[in-house]
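**Q** Fold the following, please.
(one chain, ligands or ions: 1)
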Amino acid sequence: VILLTPGPLTTRRQTREAMLQDWGSRDPAFIELTAELRRRLTGLVHGEQSHTAVPLQGSGTFAVEAAINTLVGVEEKLLVLANGVYGERIAQIAGRLGRRVETLRWQECAPVDPARVRQALQLDPAISHVALVHCETTTGLINPLEAVAGVVAESQRHLILDAMSSFGAITIDLRQVSIAALLASANKCLEGTPGIAFAIVERQLLARSKGKSSSLSLDLYEQWRGFEANGQWRFTPPVQVVAAAVEALRILEQEGGPEARHRRYQDNMATLLAGMQRLGFAPYLDSRLQSPIIATFRIPEGWPWTFEAFYAALAARGYLIYPGKLTHVDTFRIGCIGAVEKSDFAQLLAAIEEILSRKT
Ligand SMILES: Cc1ncc(COP(=O)(O)O)c(C=O)c1O
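**A** As a prediction, this is how the structure comes out:
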């Protein structure tokens with residue numbers, strides 16, 4: 001089966017095979033594996049000098065929640081930039097944690113506008129942190145990271161970036177772009193298996209964050225101190241998932257790094273978009289906003305299929321696609337990330353064409 005979703009997604013056999021071994025979580029071999037994981041994560045975004053990687057058990061949301069809890073103090077204030085579900089989720093997390101939070105919203109088909117962010121920061125000196133979603137997986141839209149990071153840096157605020165669905169496939173250089181904390185997980189563009197998330201945080205900022213988190217387990221400061229003290233995870237690590245993540249990072253390097261992965265995903269996306277348009281499906285996003293991660297397609301008016309029936313027909317042929325997440329338009333999504341190639345999309349398109357020919 002081929003997963004054409006935003007994750008978990010199709011992984012390489014070599015990555016899954018790395019999970020066939022048992023590891024002692026306090027054994028030197030696993031301590032070295034964890035160190036390699038942390039080194040490779042910071043290396044991927046050129047953060048060796050300024051940042052430290054803090055892996056955390058759980059899905060991506062766990063890292064988002066841990067970052068807000070650890071980095072935004074109760075006296076501080078978070079500005080969330082939202083143009084989709086994941087931006088809204090950050091605001092929800094901050095609210096649950098009792099943090100002061102304000103949300104600037106855009107339509108789901110529109111990118112975050114740096115000028116509005118600058119204005120909001122000028123008007124409210126209480127805002128200390130800004131949260132942005134790099135690739136809004138709700139639609140597949142890519143937000144203008146460099147421009148927003150520039151505005152946040154010039155206003156001397158801290159940027160928290162949800163790079164969950166871009167990390168590993170869209171180049172980020174922490175020497176060039178000012179990001180206080182970058183959040184990601186193993187099971188998206190890194191092509192690892194689900195079970196761990198990462199925060200790559202400015203070391204100086206993290207060092208000042210002791211005692212801020214109200215949670216024992218979702219505390220990036222204590223998690224970091226734990227790694228620094230003895231190289232070990234504070235609580236039971238998903239050892240096999242860590243091994244798979246390290247293998248996936250080695251494979252990413254062999255593939256040529258994020259630039260090469262970006263090219264492969266772009267090839268996938270170009271094949272998908274051209275083929276779907278030929279079959280009568282219009283993409284939801286303007287092409288300038290489209291990331292190579294996932295595409296949203298409008299369901300044509302009067303289409304004789306329900307999404308569920310279409311999904312089942314494709315699943316029966318070995319392809320798992322994804323439902324839409326928009327409230328105001330009927331859509332579905334197809335992911336281009338994972339261990340998949342252009343030829344997989346050519347075959348997917350042939351399968352869709354065959355399915356549609358049976359009911360038109
Ligand atoms: C941009 C973004 N943020 C956060 C998440 C949440 O990650 P998880 O479902 O692993 O908790 C996702 C998952 O798709 C995502 O795409």
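**Q** okay, CA-based contacts and neighbour counts for the rest of this
**A** Noted.
**Q** how about the residue nearest the centre of the chain, what does it touch?
**A** Nearest to the mean C-alpha position of the chain, counting by Cα atoms, centre = their mean, stands M164 at 1.3 Å. With contact set as Cα atoms under 8 Å, 6 or more residues apart in numbering, M164 has these partners: 60, 134-135, 183-185, 188.
**Q** Where does F235 fall, secondary structure wise?
**A** Here F235, judged by DSSP states H and E, is contained in no helix and no strand.
**Q** can you list contacts of the longest helix seen in the chain?
**A** Counting by DSSP state H, the longest helix found in the chain is helix 257-278. Contacts to helix 257-278, defined as Cα under 8 Å, 6+ apart, come from residues 44, 168-171, 252, 255, 282-283, 292-295, 336-337, 340-342, 345-346, 349.
**Q** Now the buried members of those.
**A** By neighbour count, with 16 or more other Cα atoms under 10 Å, those hold 44, 168-171, 252, 282-283, 292-295, 336-337, 340-342, 345, 349 as buried.
**Q** Please compute how far the longest helix of the chain lies from its chain's middle.
**A** 18 Å (Cα atoms, centre = their mean, to the nearest Å).
**Q** now stretch 94-109
**A** Stretch 94-109 has its C-alpha centroid displaced from the chain centroid by 18 Å (Cα atoms, centre = their mean).
**Q** now the end-to-end length of it.
**A** Distance across stretch 94-109, first residue to last, is 24 Å (Cα to Cα, to the nearest Å).
**Q** so what's E102 up against?
**A** So E102 contacts 77-80, 91 (Cα under 8 Å, 6+ apart).
**Q** Mind checking which of those residues are buried?
**A** Among these, those classed as buried by 16+ other Cα under 10 Å are 77-80, 91.
**Q** which of these are the two that sit furthest away from each other?
**A** Pairwise distances across these (Cα to Cα) peak at 11.2 Å, for the pair K77 and A91.
**Q** between these two, what contacts are shared?
**A** Residues within reach of K77 and of A91 at once, by Cα under 8 Å, 6+ apart, are 101-102.
**Q** Restricted to strands, list the contacts of E102.
**A** Among those, the ones falling in strands (DSSP state E) are 77-80.
**Q** Give me the subset of the contacts of helix 257-278 that lies in strands.
**A** Among the contacts of helix 257-278, the ones falling in strands (DSSP E) are 294-295.
**Q** So the residue nearest to the centre of the chain belongs to a strand, correct?
**A** No. Going by DSSP: H, G, I helix; E, B strand; the rest coil, the assignment for M164 is coil, not a strand.
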